[in-house]
Every structure is written in structure tokens, then in C-alpha cells.
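Participant: Sharing a sequence plus its predicted fold:
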Amino acid sequence: MEQKTNNEASNKASNPLASSLNVKISIPDVFNIEMVEASQLKDYELWATVSSLMLNLFVGFIVAAATNTVPERGTLLWSISCIFFLLFVGAIILTLRYRKQISRGKQAIKMVASQE
């Protein structure tokens, strides 16, 4: 008991605001959690990553084609840019399809907070 009193006294001495500050935490009675199927979420994340990569490659080759100083490489760089653009569009379509499947198949679960 004496140890606790000494700790409280040292805390008040080191922090003069400790006695005047009150912290109040409020937690809702019910939590709503939306559950989705893990395999669809995995596919969605994969295609979102692939589409991001394709967009970066597309922009990189567009910049290379626009700043090209060798005329022989111009057609090749524009062709590669077009290929990466088509791959980007395909990956975006798949990403949006998986996102739609995830949002259609989600289930809401209510969880109640305990009264301890």
C-alpha cells in the first residue's frame, strides 16, 4: 500500500496535469462486421496489384516513347506502350469484376460488446 502511495506521489510530482485530466472511453454496444470470402478477396488483391504494375509500365514506356531521340526505336516503344495499355485495361476489368463479386457476397455479422 505504501509503495502505491509513493508511486502516485511521484507521478503527481513529475506530471502536474495527471490529477486534472480525465479520460473517458466509450464503446458501442454492437459492432457490425462485414465478412467476405477469402478466395475472392485474394483474387481481387492480386488483380489490383497487377493493374497497378501494368499502369506503371505503360506510363514508363509512354515517357520513353515521348522522349525518344532514336527514330528507329519510336515504333517499338509505342507498340510496347499499347500492349501494356491493353494489359492494364484487362487487369482493371478483372479487378472490378472481383470487387463486384466481393460486394455482392458479403455478409454482415453483429457482435455485442461484453459488460465487464
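Facilitator: Looks like it arrived, so ask away. Numbers count the residues shown, from 1 in each chain.

Participant: after the helix or strand bottoming out on mean pLDDT in the chain comes which helix or strand?
Facilitator: Lowest by mean pLDDT, DSSP states H and E among the helices and strands of the chain is helix 2-14, with a mean of 56. The helix or strand immediately downstream of helix 2-14 is strand 30-35, counting by DSSP states H and E.

Participant: for that next one, packing partners?
Facilitator: strand 107-112 (3 or more C-beta pairs under 8 Å, 6 or more residues apart in numbering; DSSP states H and E). (Each C-beta comes from the backbone N, C-alpha and C, glycine too.)

Participant: for the strand it packs on, packing partners?
Facilitator: Using 3+ C-beta pairs under 8 Å, 6+ apart, strand 107-112 is in contact with strand 30-35.

Participant: any idea how far the very next helix or strand once past the strand it packs on is from the chain center?
Facilitator: On the C-terminal side of strand 30-35, the nearest following helix or strand under DSSP H and E is helix 38-66. Distance, stretch centre to chain centre, for helix 38-66: 15 Å (C-alpha atoms, centre = their mean, to the nearest Å).
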